[in-house]
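Next come a sequence and a model predicted from it.
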Amino acid sequence: MTQARAPAPSDLQLRFLLPSAGVRGVLVQLDQTWRAMAARAAYPPAVAELLGEAAAAAALFTGHAKVDGRLSVQLRSHGALRTLFAECTAAGTLRGIARLQEDASEPGAATPSRDLRSLGNDAVLAITIENPALGGREPMRYQGLVELDADNLGEAFEGYFRQSEQLPTRLLLACDGARAAGLMLQKLPGDGGDDDGWNRVGALFETLGSAELLALAPADTIHRLFHEESPHAMGGKPLRFACSCSRERVAAMLVSLGIGEAEAAVAAGDGEARVLCEFCGHDYRFDAEAVASLFRGAGAALPAAPGIQ
């Protein structure tokens, strides 16, 4: 008996159309991108799975919406999982991070759960799109809040798109130690497709489980589900892990602290102010002379400091 082989590493966003059914779709798979993101910290399994699913969702939504800058998915709560953040840019770069309460590793501390309903009434899940000023347009920032009345991210986002865009939507997210993936389907606006198209595609969607979504190559998943619908490829985009931090943005952050705090950071760091990027691990160092020069030129425009927006 021949053992099935896992697909080759694939970090890809695929957009497709099912014209006879009047449905559009996006499928994302993250291999090396997800492993690079997960390697930044030793996350508990439930937190790692949520972060991978959030990263897949950010990549899906970047393929679904008009994004010229970046799109982020962010979850905040006062429970064991304090912050979950994943970002995908129009260029196909992703980064992400999770933060736990400080005593999460202590004996008897609350264990983070995958169930979103366990996060508490103060938890907030948001999708944010930030587009730069292009072609004479003003920069644009849009944020939508997602109801946390489902036990998983996929169902929560389904409800958000059904409500915000008034269009039937199906969404499946999955993550394991090696890979993260997602599939999003949405009925086209208007009267496109035959009368039974959405129901037919939904029935096919229901045959796909998380394990299969992770195991199959993206093109194979689309073929397995929808080959009888004659899917049309709408374009693919390679995805990769990358961070938007830079020495200039860290310098801007130091300037924003003020000269007193910046000099105190130099003294506390034995002659160097050190800033470690939580997303990529890059270690930025500024000695006393470098800090002084920042404030001598503080009137010049500096990029915004890195961090979770």
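Sure thing, it's come through.

For the nearest residue to Met37 once chain neighbours are set aside, identify the helix or strand it belongs to.
In this structure, Met37 finds its nearest non-sequential neighbour in Gly96, 5.0 Å apart by C-beta to C-beta, 6 or more residues apart in numbering. C-betas here are computed from N, CA, C, even on glycine. Per DSSP states H and E: Gly96 is located in strand 93-100.

can you map out the helices along the chain?
Assigned by DSSP state H, the chain shows helices spanning 32-38, 45-64, 153-165, 197-205, 210-215, 218-226, 247-257, 259-268, 288-296.

Tell me where the model's unsure across the protein.
1-9, 103-110, 135-136, 191-192, 297-309 (pLDDT under 70).

domain ranges for it?
Domain assignment of the chain by automatic domain parsing yields the ranges 12-241, 247-296.

got these as TSV, with mean neighbour count columns?
Shown next, in TSV, are the domains of the chain (neighbours: other C-beta atoms under 10 Å):
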stretch	mean neighbour count
domain 12-241	18
domain 247-296	15
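
can you pull the contacts of the residue lying closest to Asp283 once chain neighbours are set aside?
With C-beta to C-beta, 6+ apart as the criterion, Asp283 has its nearest non-adjacent residue at 5.4 Å, and that residue is Leu276. Leu276 is in contact with 282-284, counting by C-beta atoms under 8 Å, 6 or more residues apart in numbering.

Identify whichever of the helices of the chain lies nearest to Arg179.
helix 210-215 (5.1 Å; C-beta to C-beta).

which helices and strands sit right next to the closest one?
Counting contacts by 3 or more C-beta pairs under 8 Å, 6 or more residues apart in numbering; DSSP states H and E, helix 210-215 packs against strand 169-175, strand 180-187, helix 218-226.

okay if I get these as TSV plus distance to Ala91?
Formatted as TSV, the helices and strands packed on helix 210-215 follow (distance: least, C-beta to C-beta, whole Å):
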stretch	distance to Ala91
strand 169-175	22
strand 180-187	19
helix 218-226	19
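
rewinding a little: in strands only, show me the contacts of Leu276.
Among the contacts of Leu276, the ones falling in strands (DSSP state E) are 283-284.

So which of the helices and strands packed on helix 210-215 is nearest Glu206?
Judging the helices and strands packed on helix 210-215 by C-beta to C-beta, what sits closest to Glu206 is strand 169-175, at 8.6 Å.

if I pick the nearest residue to Cys277 once chain neighbours are set aside, what's in contact with it?
Distances taken as C-beta to C-beta, 6+ apart put Cys245 closest to Cys277, at 4.4 Å, once the chain neighbours are dropped. Going by C-beta under 8 Å, 6+ apart, Cys245 touches 277, 279-280, 282, 284, 306.

and of those residues, the nearest to Ala150?
Nearest to Ala150 out of the contacts of Cys245 is Phe279 (C-beta to C-beta; 27.5 Å).

hang on, the closest one packs against Arg40?
Yes: if you go by C-beta atoms under 8 Å, Phe279 and Arg40 touch, sitting 7.0 Å apart.

what is in contact with those two at once?
Jointly contacting Phe279 and Arg40 under the rule C-beta under 8 Å, 6+ apart are Ile97.

Is Cys280 in contact with Ala41, as I believe?
No: at 11.8 Å, Cys280 does not count as touching Ala41 under the criterion of C-beta under 8 Å.

any idea how far Lys66 is from the closest residue to Arg200 other than its chain neighbours?
In this structure, Arg200 finds its nearest non-sequential neighbour in Ala21, 6.1 Å apart by C-beta to C-beta, 6+ apart. Ala21 sits 23 Å away from Lys66, going by C-beta to C-beta, to the nearest Å.

With Ser118 instead?
34 Å.

what's the answer for Gln29, then?
Distance from Gln29 to Lys66, by C-beta to C-beta: 23 Å.

ok, now Cys245?
For Cys245, the distance to Lys66 - C-beta to C-beta - is 26 Å.

Ok, Pro132 next?
In this view, Pro132 and Lys66 are 13 Å apart by C-beta to C-beta.

got it, and Asp196?
30 Å.
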